[in-house]
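Peer 1: pasting the sequence and the predicted model now:
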Amino acid sequence: MIYLDSTATSQKPSSVLQAMEDYYRRQNANIHRGVHTLAEEATQAYEEARKKVAAFIHAPSSRQLVYTRNTTEAINLVAYSWGRSQLKAGDLVVLTEMEHHSNIVPWQILAAERGIQIRYVPVMEDGLLDMNAYHDLLALKPRLVAFTHMSNVLGTITPAKQIIADAHQAGALALVDGAQSVPHLPVDVADLDADFLAFSAHKMCGPTGIGVLYGKMALLESMPPFMGGGDMIRRVTFEGFTSNELPYKFEAGTPAIAEAIGFGAAVDYLSQIGMDAVAVHEQEITAYAMDRLSEISGLQILGPVDAHQKGGVVSFTLQGIHPHDVAQILDEDGIAVRAGHHCAMPLHQKLGLPASTRASFYLYNTREEVDALAVSIEKVKNLFG
Ligand code: C6P
């Protein structure tokens, strides 16, 4: 089987599975609650993982790293907590046209509830953001710029550092959707100067069910809790409560303990290889895939034509053949790709496409797999005449 769907979720190394199994077999206990040895060991393993993930993105402190279920929940946390406490009718939030639904819908919910305004930085024909239009939007003094660091459809790597610096210059905060960048590129939040960064473990060799919201300390300190319950409080009376310190203020209830430990093992795995090496490998495979696929007549690749401007994502259309048919026939050859709108319906509308087929690559993919993909696509073309 050839797995070309790592943008949806990556495969997991044995060390991650082993770390989770070890927790369940040897350390299984709830965290932050018990004084017994097992509870202490489990708490330590859970918190060690947080430190590893924090170091992976160069966060100044692991207290700035809130565990969430995934990227989606991390962005919703910002929209619910920061958004509801800070934004009022008429305030502007700037997004881009290449956002995943999880960085559009939370803001649309807020727009319906609070009357905030949303404007989108256009995507140009070459798959890059229109930075002139972005600067025009900044002149409207938005409160927040929330954007993806890497498109899950076009593969476009956005100029995050510049977007953030320009947002700050205009007095706006910047939220980075790192769902696709953190797994594939070296990401340094301190260097980026991001106010918020959201990402998911399951796209970076880790388990499903756990993700991260990184935030600047002062911002997280000032935000009200997102959900109420156990662990997020310092003290509760019949009349009210006081919030726990960071990051626990945002981690109500028993968290995904085994998953956090698995996440730590995933970060160890990626760190041992080195994110520079991961990025170089993917760029090489992507450039090769773009060369191979562009030899196929009737195949149109979406997004930047230069592999250096892209992560390991090659979405395409095949003239006259529906993407679902393409994906189904590739599947018969043991090749897993994704077909559809990839949770980016507005972007597909903008491109005038109902759907596309997407092959995506990670550290374990090879040129031979790309060759097999090209052969299978030719087969699809022959089948459909
Ligand atoms: N994209 C894809 O196949 P979650 O589901 O919360 O882990 O990640 C959401 C998300 C947010 N932003 C971007 C840029 C993403 O690519 C994703 C997830 C997957 O493209 C699943 S829809």
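Peer 2: That came through fine. Quantities reported herein were computed from a predicted structural model and do not represent experimental measurements.
Peer 1: what residues does this structure put near the ligand?
Peer 2: 7-8, 70-72, 100, 102, 148, 152, 177, 179-180, 200, 338, 342-343 (C-beta under 6 Å from any ligand atom). Using the backbone N, CA and C atoms, a C-beta is placed for each residue, glycine as well.
Peer 1: kindly indicate which of those lies nearest residue 288.
Peer 2: Of all the residues of the chain next to the ligand, residue 288 sits closest to residue 7, with 17.3 Å by C-beta to C-beta.
Peer 1: then that closest one would be within a helix, right?
Peer 2: No - the assignment for residue 7, made by DSSP: H, G, I helix; E, B strand; the rest coil, is coil rather than a helix.
Peer 1: burial check on it, number of neighbours?
Peer 2: 28 (other C-beta atoms under 10 Å).
Peer 1: next: the one 4 residues further on.
Peer 2: Here the number of neighbours of residue 11 (other C-beta under 10 Å) works out to 12.
Peer 1: is it true that residue 285 touches residue 367?
Peer 2: Yes - between residue 285 and residue 367 there is a contact under C-beta atoms under 8 Å: 6.8 Å.
Peer 1: neighbour count for those two, which is higher?
Peer 2: residue 285 (21 against 12).
Peer 1: surely residue 38 touches residue 24?
Peer 2: No - the pair residue 38 / residue 24 is not scored as a contact, 11.7 Å apart, by C-beta under 8 Å.
Peer 1: residue contacts, the closest residue to the ligand within the stretch 251-385 of the chain?
Peer 2: For the stretch 251-385 of the chain and the ligand, the shortest gap (C-beta to the nearest ligand atom) falls at residue 343, measuring 3.8 Å. Contacts for residue 343 (C-beta atoms under 8 Å, 6 or more residues apart in numbering) come out as 100-102, 152.
Peer 1: picking up where we left off before, so which of the residues of the chain next to the ligand sit within helices?
Peer 2: 71-72 (DSSP state H).
Peer 1: OK, contacts around the closest residue to residue 6 other than its chain neighbours?
Peer 2: Leaving aside its sequence neighbours, residue 6 sits nearest to residue 362 (C-beta to C-beta, 6 or more residues apart in numbering; 3.8 Å). By C-beta under 8 Å, 6+ apart, the residues touching residue 362 are 6, 10-11, 183-184, 278, 282, 312.
Peer 1: let me see the backbone angles for residue 362.
Peer 2: Backbone geometry at residue 362, expressed as degrees, to the nearest 10, gives phi -140, psi -170.
Peer 1: distance of it from residue 10?
Peer 2: Separation of residue 362 from residue 10 (C-beta to C-beta, to the nearest Å) stands at 5 Å.
Peer 1: quickly list what's touching both of those two.
Peer 2: By C-beta under 8 Å, 6+ apart, residue 362 and residue 10 have these common neighbours: residue 183.
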